[in-house]
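A.B. asks: got a predicted structure here, sequence first:
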Amino acid sequence: MGRKFFVGGNWKCNGTNDEVKKIVSTLNGVEVPSEDVVEIVVSPPFVFLPLVKSLLRSDFQTAAQNCWVRKGGAFTGEVSAEMLVNLGIPWVILGHSERRLLLNESNEFVGDKVTYALSRGLKVIACVGETLEQRESGSTMAVVSQQTKAIADQVSNWTNVVLAYEPVWAIGTGKVATPAQAQEVHSELRKCLQQNVGGEVAASTRIIYGGSVNGANCKELAAQPDIDGFLVGGASLKPEFVDIIKAAT
Ligand code: G3H
């Protein structure tokens, strides 16, 4: 079976109660390709998850933007995988570069988080990506392979994992990777999965692109053979998110 197109909207640390209701109401009113064609997941901040889940149309799913590395307990400020499961939130984003870089989340820590979240029944959008310095020094593939391998070392069943390639230099900068740049890394990531997990997982795992995706550039990116969808930041807060969803067809 082919890889179903996947579009995630990462709202990051944005929104008020009213703004969130407005975004959901816009999404609820739009026509999008059927669930057979595209899987759509929106990821509001933790505090809005129950509200969004209660208002959002049933063919769209929800994701948290993070969760704790193991069972909850005395970990002030953290939210556990068990809590997300308890709320009926099916997805979680882990390893986003904003957390890797600003909060010093290491490859191993992200690998541990992915493993624990999967073990609790969550589906995971696992993010990898290089900084501008790393790209300019020619270490892009080494960096994203190490990040992916740290997950693959612990996870053999990738059914519930979507891998998101998000070059840090493209996030929130308006400087999107060219389709050729993104395709090159996606294809290498697939090889990395083949070497570290196996051919079947490499062929079936969705690898999505994130970093300044918008309504104007999504079609050309989506046409690349190894780009299976998007993780969208800024544009997911705007009506053009729908145009990005429609890149699935
Ligand atoms: O998770 C989403 C990415 O960080 C992309 O953000 O679309 O605002 O560049 P962006």
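C.D. replies: Arrived safely. Residues are numbered from 1 along each chain as shown.

A.B. asks: show residues contacting the longest helix belonging to the chain.
C.D. replies: In the chain, with assignment by DSSP state H, the single longest helix is helix 179-196. With contact meaning C-beta atoms under 8 Å, 6 or more residues apart in numbering, helix 179-196 is reached by 128, 140-141, 144-145, 148-149, 152-153, 158, 163, 165, 167, 177, 201-203, 205, 207, 209, 220-221, 223-227. Placement of C-beta: from N, CA and C, glycine included.

A.B. asks: so which of the residues you listed belong to helices?
C.D. replies: Using DSSP H, the contacts of helix 179-196 in helices are 140-141, 144-145, 148-149, 152, 201-203, 220-221.

A.B. asks: the residue in the chain that the ligand sits nearest to: neighbouring residues, count only.
C.D. replies: Taking C-beta to the nearest ligand atom, the ligand has its nearest neighbour within the chain at residue 233, 2.2 Å off. Neighbours of residue 233 under the rule other C-beta atoms under 10 Å: 23.

A.B. asks: which pLDDT value goes with it?
C.D. replies: Turning to residue 233, the model gives it a pLDDT of 98.

A.B. asks: just grab the bridge partners of the spatially closest residue to it that is not a sequence neighbour for me.
C.D. replies: Nearest non-adjacent residue to residue 233, counting by C-beta to C-beta, 6 or more residues apart in numbering: residue 10, 5.2 Å away. Residues in a beta bridge with residue 10, per DSSP bridges, are residue 43.

A.B. asks: what count of nearby residues applies to residue 38?
C.D. replies: For residue 38, using other C-beta under 10 Å, the count is 19.

A.B. asks: so what's the residue nearest to residue 233 up against?
C.D. replies: Taking C-beta under 8 Å, 6+ apart, one finds 43, 63, 65, 93, 96, 210, 231-233, 236 in contact with residue 10.

A.B. asks: can I get the residues you listed in TSV including distance to residue 37 and secondary structure?
C.D. replies: Formatted as TSV, the contacts of residue 10 follow (distance: C-beta to C-beta, whole Å; DSSP: H, G, I helix; E, B strand; the rest coil):
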residue	distance to residue 37	secondary structure
43	21	strand
63	19	strand
65	26	coil
93	22	strand
96	26	coil
210	20	coil
231	18	strand
232	17	strand
233	23	coil
236	19	helix
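
A.B. asks: which one of those residues sits closest to residue 172?
C.D. replies: Using C-beta to C-beta, the shortest approach to residue 172 within the contacts of residue 10 belongs to residue 233, at 6.1 Å.

A.B. asks: dig out what the most centrally placed residue in the chain forms beta bridges with.
C.D. replies: What sits nearest the mean C-alpha location of the chain, by C-alpha atoms, centre = their mean, is residue 125, with 4.1 Å. Applying DSSP bridges to residue 125 gives these bridge partners: residue 93, residue 162.

A.B. asks: what about it, distance to residue 143?
C.D. replies: Counting by C-beta to C-beta, to the nearest Å, the gap from residue 125 to residue 143 is 19 Å.

A.B. asks: residue 37: what's it in contact with?
C.D. replies: By C-beta under 8 Å, 6+ apart, residue 37 lies in contact with 4-5, 248-249.

A.B. asks: now do the contacts for the residue lying closest to residue 115 once chain neighbours are set aside.
C.D. replies: Take residue 115 and drop its neighbours on the chain: the residue closest to it by C-beta to C-beta, 6+ apart is residue 154, 4.4 Å away. When contacts are counted by C-beta under 8 Å, 6+ apart, residue 154 touches 111-112, 114-115.
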